[in-house]
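coords please:
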Amino acid sequence: MPGDIERRVVEVLGRLGVPWEWIEIDPAFADTAAFCAKYGSPLERAGNTIVVASKKEPRQYAACVVLATTRLDVNHAVRTLMGVSRVSFASADETMALTGMLLGGVTVFALPEDLPIYVDDTLMALDWIILGSGSRSSKIKTSPEVFRRLPNARIVAGLSAGA
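The predicted structure follows:
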């Protein structure tokens, strides 16, 4: 775990006080479906962290976490939560500029402190989940309880729709 982001992730996880496991992976399998297939992890235990952006200036951003088996409801739930008229997924370049992370490795544990985090409530029913680690070369296995302990996180009913 040599990088700055990975160090920040470990620090944040340590402060949250929830057990977690760092899983080293082949970066070629960082995308959720590829990771689950390669490492035998159930897709219904994988959480995707997705950065979204308002369409109008000044741009507003938020991070959303949903199960990999569902779709983020950007057109209704996220738009309403952000209080904007139109929202889209942030580009890979925008995500990197905002978070310092590549798609496939984005995590809620090293985001800018003022970035809102919306977590789909369906994640909270699980006893463990797999999340990004901030790097494409690892994942984190932990309890969804971490979301209740993150300062900027808000658990939201209806953040996702079925896949």
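
give me the helices and strands touching the longest helix anywhere in the chain, please.
Ranked by residue count under DSSP state H, the longest helix found in the chain is helix 4-16. If you count contacts as 3 or more CB pairs under 8 Å, 6 or more residues apart in numbering; DSSP states H and E, helix 4-16 packs onto strand 138-142, helix 145-149. Every C-beta, even on glycine, is put in place using the N, C-alpha and C of the backbone.

hey, C-alpha coordinates of that helix in CSV?
Only the C-alpha atoms of helix 4-16 are listed here, as CSV (Å, rounded to 0.1, in the frame of the first residue of the first chain):
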residue,chain,number,x,y,z
ASP,A,4,-0.8,8.6,-0.6
ILE,A,5,-4.4,7.7,-1.2
GLU,A,6,-3.9,4.2,0.2
ARG,A,7,-2.3,5.6,3.3
ARG,A,8,-5.2,8.1,3.8
VAL,A,9,-7.7,5.2,3.3
VAL,A,10,-6.0,3.1,6.0
GLU,A,11,-6.0,6.2,8.4
VAL,A,12,-9.7,6.8,7.8
LEU,A,13,-10.6,3.1,8.3
GLY,A,14,-8.6,3.1,11.5
ARG,A,15,-10.5,6.0,12.8
LEU,A,16,-13.9,4.5,11.9
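
any low-confidence regions in the chain?
The chain contains residues with pLDDT under 70 at 1-2, 162-163.

could you look up the SS state of the residue lying farthest from the centre of the chain?
No residue in the chain sits farther from the centre than Glu57, which is 24.0 Å out by CA atoms, centre = their mean. Three-state call for Glu57 (DSSP: H, G, I helix; E, B strand; the rest coil): coil.

so which bits of the longest helix of the chain are buried?
By 16 or more other CB atoms under 10 Å, the buried positions in helix 4-16 come out as 5-6, 8-10, 12-13, 16.
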